[in-house]
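K.L.:
Predicted coordinates and the sequence they were generated for:
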Amino acid sequence: MKSIEQKAITNIRFLAAEAVQKANSGHPGLPIGSAPMAFTLWKQMKQDPKDAQWAGRDRFVLSAGHASMLEYSLLHLFGYGLPMEELKSFRQWGSKTPGHPEFGHTVGVETTSGPLGQGIATAVGMAMAEARLAAEFNREGFPIVDNYTYALSGDGCLMEGIASEAASLAGHLGLGKLILLYDRNEITIEGNTGLAFTEDVGKRFEAYGWTVQYVADGEDTAAIAKAIENAKADTKHPSLIIVRTEIAHGTPKANSASAHGEPLGEDAIKAMREYYGWNEEPFTVPADVSAYFAELQVGYSKQHAAYDAMMANYRKTYPDLYEKWVAWHEKKLPAALKADPRLWNVSGSKATRAVSGDVLNIFAEYLPNLFGGSADLAPSNKTELKGKGFFGVENRAGANIHFGIREFAMAAICNGIQLYGGFHAFCATFLVFVDYLKPALRLSALMHLPVVYVMTHDSIGVGEDGPTHEPIEQLAALRATPDTLVFRPADAKETAISYILAFEGNQPAVLALTRQNLPQYAETGEGAYKGGYILKDAKNGKPDVILMASGSEVELIYKAAEQLEAEGISSRLVSMPCLDLFDAQDEAYRAFVLPKSIRARVAVEAASAYSWDRYVGLDGETVCLDHYGASAPANILFKEFGFTPENVVKAAKASISKTK
């Protein structure tokens with residue numbers, strides 16, 4: 001290795017250690033130990049630090065997100081415009097260098113990472129997106145989609161179950177342009193990994209269908225470079241490169257658990273300086289190191305210029321394909337799609353999961369860049385895009401994905417697909433199994449990714465499958481998740497509007513859909529765009545009570561209103577397909593739908609009442625479910641658990657009596 005490259009690696013190590021020390025918080029060990037590996041990788045990556053969003057770039061995912069100062073040091077040195085002041089402000093209020101990397105917050109960060117293992121699955125999604133986009137747009141002599149996806153993980157990532165889920169699928173799919181570098185320092189917070197992690201990771205990945213290489217010394221940059229070269233040459237299998245490193249190499253805390261998540265301390269940094277012969281002031285980049293990275297930028301700029309020239313020629317040679325490329329990267333839905341009469345003219349009793357399947361397939365006619373699937377439940381979720389093929393080794397152009405029974409990995413993979421660009425990602429399972437994928441949905445929300453989660457079998461309407469499969473608390477938990485839209489449509493029109501809002505949004509959306517058939521309502525429609533609206537009002541416009549519901553329970557408040565009317569009690573019916581959107585409306589609109597003067601209110605939903613407290617007030621009532629379900633036909637369960645018009649009428653009268 002050239003001495004200047006060794007100096008650059010040492011610079012990475014000290015920037016990381018000094019930032020953690022100044023913050024008195026962070027994880028210095030992995031950045032110090034993996035600096036040679038990270039530098040060797042980044043030096044050869046296809047990138048342009050002057051344009052972090054360049055479409056032709058390789059993707060890098062720091063799955064071991066606690067080692068964020070490694071990435072921040074790289075971003076600063078390679079010239080991504082992350083100032084030294086930001087490194088000095090590591091983990092501080094308002095800085096661009098938070099404790100874990102955050103997409104959209106720090107230039108050059110491809111994904112939010114930190115929850116261990118998710119970065120690996122996200123990288124799998126990016127590699128899948130690259131493969132499908134290449135199949136769609138590349139032509140001979142025009143490899144406009146041609147990049148590698150790299151992830152760097154630690155021991156912790158590979159203990160997490162999601163890593164196994166994702167790696168298994170990646171091997172099955174033969175994602176040859178996915179390369180995972182494993183910093184195997186064998187240290188976690190509690191001590192040596194031998195306490196709980198003694199398996200042969202290499203053999204595990206070989207069983208998954210990966211190519212596995214070993215680098216015995218994390219300081220051997222030539223061996224690391226050769227392993228990366230070998231991995232890139234194998235286009236039929238994803239690659240794992242296991243690099244044996246020493247955590248906090250060159251410091252008194254090397255190979256110790258305290259180096260994982262604690263500052264080294266001034267004495268240890270002083271000893272580190274002596275070990276590396278580093279005499280620079282803290283937070284310094286020597287002039288020759290700066291010049292070295294500036295020289296690298298010349299090569300990166302040439303790569304980018306060559307790509308732009310190829311794309312310009314592509315535009316001339318394949319103008320229709322180029323227009324399609326632009327369209328695939330557009331966010332706004334075509335006006336013709338939103339006006340398609342098939343979305344709005346649905347008759348007869350129909351489950352919203354079935355309506356959802358119809359809507360998805362109509363969307364697919366206008367949006368060929370839909371990309372997603374189900375966790376082995378497509379026939380039940382109704383999520384197969386008919387005639388669009390399944391993504392696989394033999395068909396990289398397939399729009400459908402067989403995720404297998406891997407809910408967590410499925411959601412994180414969809415994050416990767418959405419992050420890569422060019423696609424509308426969606427995934428599906430039963431609503432009760434949102435518990436399996438929630439951590440990835442949470443990252444969708446943190447990154448403001450419009451991944452669409454199609455969650456069917458949304459209530460005790462599941463019936464005979466029993467309490468294990470009947471979601472009770474899931475809607476409340478999802479609604480408590482910031483920056484997430486939760487839709488529970490009552491009929492076909494509300495379902496179509498939910499999809500429009502989901503695909504045009506800048507945040508994840510969950511569609512909670514029924515297994516059982518529901519009626520269509522003449523009154524539903526435009527109001528659903530606001531999340532909640534008056535479906536049917538009292539004849540004199542002065543209701544005695546407000547009845548509100550979502551999804552399948554809208555039918556209940558309709559029937560209850562008829563019974564109340566027969567007894568001389570007037571009511572206002574409010575459909576609430578999306579509480580999050582309703583809450584986002586201005587005060588005047590919310591007061592129009594739910595005026596404070598009408599204190600008698602009833603909320604009806606076959607799930608936990610937690611979501612509804614803010615609407616019913618102290619005098620209101622809820623007809624909800626505060627316990628688990630049971631195994632029986634759906635109609636029996638609804639009756640036994642009080643979801644009847646008569647019980648809603650009883651609740652309405654009770655609320656009215658409180659207000660007098």
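P.N.:
Cool, got the structure. Numbers count the residues shown, from 1 in each chain.

K.L.:
Could you look up the SS state of Leu152?
P.N.:
Leu152 falls in the strand class when you classify it by DSSP: H, G, I helix; E, B strand; the rest coil.

K.L.:
can I assume Arg515 is in contact with His457?
P.N.:
Yes - the pair Arg515 / His457 is scored as a contact, 4.7 Å apart, by Cβ atoms under 8 Å. For glycine as for every other residue, the C-beta is placed from the backbone atoms N, C-alpha and C.

K.L.:
Count the neighbours of the closest residue to Gly265 other than its chain neighbours for me.
P.N.:
Of all residues not flanking Gly265 in the chain, Gln21 sits nearest, at 7.5 Å (Cβ to Cβ, 6 or more residues apart in numbering). Applying other Cβ atoms under 10 Å, we find 19 residues neighbouring Gln21.

K.L.:
Quick one: residues contacting Gln21.
P.N.:
By Cβ atoms under 8 Å, 6 or more residues apart in numbering, the contact set of Gln21 is 28, 263-266, 269.

K.L.:
ditto for Val285
P.N.:
11, 15, 76-77, 84.

K.L.:
Which of the residues you listed fall within helices?
P.N.:
Judged by DSSP state H, those include 11, 15, 76-77, 84 as members of helices.

K.L.:
Setting aside sequence neighbours, what's the nearest residue to Val434?
P.N.:
Gln474 (5.2 Å).

K.L.:
per-domain residue ranges of the protein.
P.N.:
Per automatic domain parsing, the structural domains of the chain span 3-300, 335-513, 526-658.

K.L.:
Now Gly527. Its backbone dihedrals?
P.N.:
The phi and psi torsions at Gly527 (degrees, to the nearest 10) take the values phi -60, psi -30.

K.L.:
What pLDDT does the model give it?
P.N.:
Predicted confidence (pLDDT) for Gly527: 97.

K.L.:
got the contact list for it?
P.N.:
Taking Cβ under 8 Å, 6+ apart, we find Gly527 in contact with 533-535, 575.

K.L.:
ok, now Phe391?
P.N.:
The contact partners of Phe391, by Cβ under 8 Å, 6+ apart, come to 128, 131-132, 173, 371, 397-402.

K.L.:
And Gly398, by the same measure?
P.N.:
Residues counted as contacts of Gly398 (Cβ under 8 Å, 6+ apart) are 132, 388-392.

K.L.:
List only buried entries from these.
P.N.:
Buried by 16 or more other Cβ atoms under 10 Å: 132, 388, 391, out of these.

K.L.:
quick one: low-confidence ranges for this structure?
P.N.:
Judged by pLDDT under 70, the chain has its weakly predicted residues at 1.

K.L.:
Residue nearest the middle of it, spatially speaking?
P.N.:
For the chain, Ser444 is the residue whose C-alpha lies nearest the centre (Cα atoms, centre = their mean; 3.0 Å).

K.L.:
coming back round to it: go through the buried ones among the contacts of Gly398 and name the one nearest Asp435.
P.N.:
Nearest to Asp435 among those, counting by Cβ to Cβ, is Phe391 at 26.3 Å.

K.L.:
From Leu173, how far out is the closest one?
P.N.:
Noted for Phe391: a distance of 7 Å to Leu173, by Cβ to Cβ, to the nearest Å.

K.L.:
Go ahead and list the helix or strand containing Tyr436.
P.N.:
Using DSSP states H and E, Tyr436 falls within helix 434-447.

K.L.:
Give me the distance from the next helix-or-strand element following that helix to the chain's centre.
P.N.:
Where DSSP H and E defines the elements, the next helix or strand beyond helix 434-447 is strand 452-456. Remark: strand 452-456 is offset 13 Å from the chain centroid, using Cα atoms, centre = their mean, to the nearest Å.

K.L.:
quick one: strand 452-456 to helix 434-447, angle?
P.N.:
Strand 452-456 runs at 160 degrees relative to helix 434-447, counting by axes from the mean of the first three to the mean of the last three Cα atoms, to 10 degrees.
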